[in-house]
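> sequence first, predicted coordinates after that:
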Amino acid sequence: MAGTRPPLSLKARAVGYLSRREHSRVELARKLAPHAESAEEVEALLDALERENWLSNDRFVDSLVHRRASRYGAARVMQEAKTHQLGNEQLRELQDRLRDTEVERAAEVWRKRFGVPPDSPEARAKQIRFMMARGFSRGVIGKIIRGAEDDLDAE
């Protein structure tokens with residue numbers, strides 16, 4: 001039968017996933033589980049991939065920040081990160097990184113979406129809802145919108 005290929009080994013499958021993008025250990029385990037004979041086989045492979053530096057939760061965190069931080073607030077990124085069962089230290093570092101850039105990121109998201117201060121209470125509420133859905137805190141949103149309104153008043 002031409003065209004039939006032997007099934008991929010578990011390691012080949014794992015390396016394929018990791019070559020496309022970084023994965024957390026938990027995420028990769030979930031993807032590999034249906035193709036493995038046992039949970040122990042998956043754990044042994046993940047341990048080996050970590051030793052060989054193919055799999056790294058630290059790199060995964062960097063990748064997550066790169067993919068999500070420009071569009072979402074700290075709350076939304078942290079919520080996603082927690083689903084990957086990262087260590088407490090990694091989560092703390094991620095939260096600190098996000099907090100340090102939160103206002104600048106929120107201002108950029110707001111500018112791309114709206115660009116002008118709200119001209120009515122309804123428009124203001126719409127902007128606040130949009131920014132909150134993106135995971136930005138009320139305090140940061142208030143600064144951004146007040147700053148835009150202050151800039152308009154100054155003109």
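Arrived safely.
> biggest helix in this structure, by residue count?
If you go by DSSP state H, the chain has its longest helix at helix 88-113.
> and the next helix or strand past that helix?
Using DSSP states H and E, the helix or strand that follows helix 88-113 in sequence is helix 121-133.
> from the chain's centroid, how far away is the next helix or strand after that next one?
Downstream of helix 121-133, the first helix or strand assigned by DSSP H and E is helix 138-154. On the basis of Cα atoms, centre = their mean, to the nearest Å, helix 138-154 is displaced by 26 Å from the centre of the chain it belongs to.
> now for helix 138-154, which elements pack on it?
helix 88-113, helix 121-133 (3 or more Cβ pairs under 8 Å, 6 or more residues apart in numbering; DSSP states H and E). C-beta: built from backbone N, CA, C; applies to glycine.
> distance to residue 41 for those helices - can I get that in JSON lines?
Converted to JSON lines, the helices and strands packed on helix 138-154 look like this (distance: least, Cβ to Cβ, whole Å):
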{"stretch": "helix 88-113", "distance to residue 41": "26"}
{"stretch": "helix 121-133", "distance to residue 41": "41"}
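> closest one to residue 139 among those helices?
helix 88-113 (9.3 Å; Cβ to Cβ).
> point out the other helices and strands that that closest one packs with.
By 3+ Cβ pairs under 8 Å, 6+ apart, helix 88-113 packs against helix 57-68, helix 74-82, helix 121-133, helix 138-154.
> and the angle for the host helix or strand of residue 13 with helix 57-68?
Under the criterion of DSSP H and E, residue 13 resides in helix 10-20. Going by axes from the mean of the first three to the mean of the last three Cα atoms, to 10 degrees, helix 10-20 is angled at 40 degrees with respect to helix 57-68.
> quick check, residue 33 in contact with residue 40.
No. Counting by Cβ atoms under 8 Å, residue 33 does not reach residue 40; the two are 11.5 Å apart.
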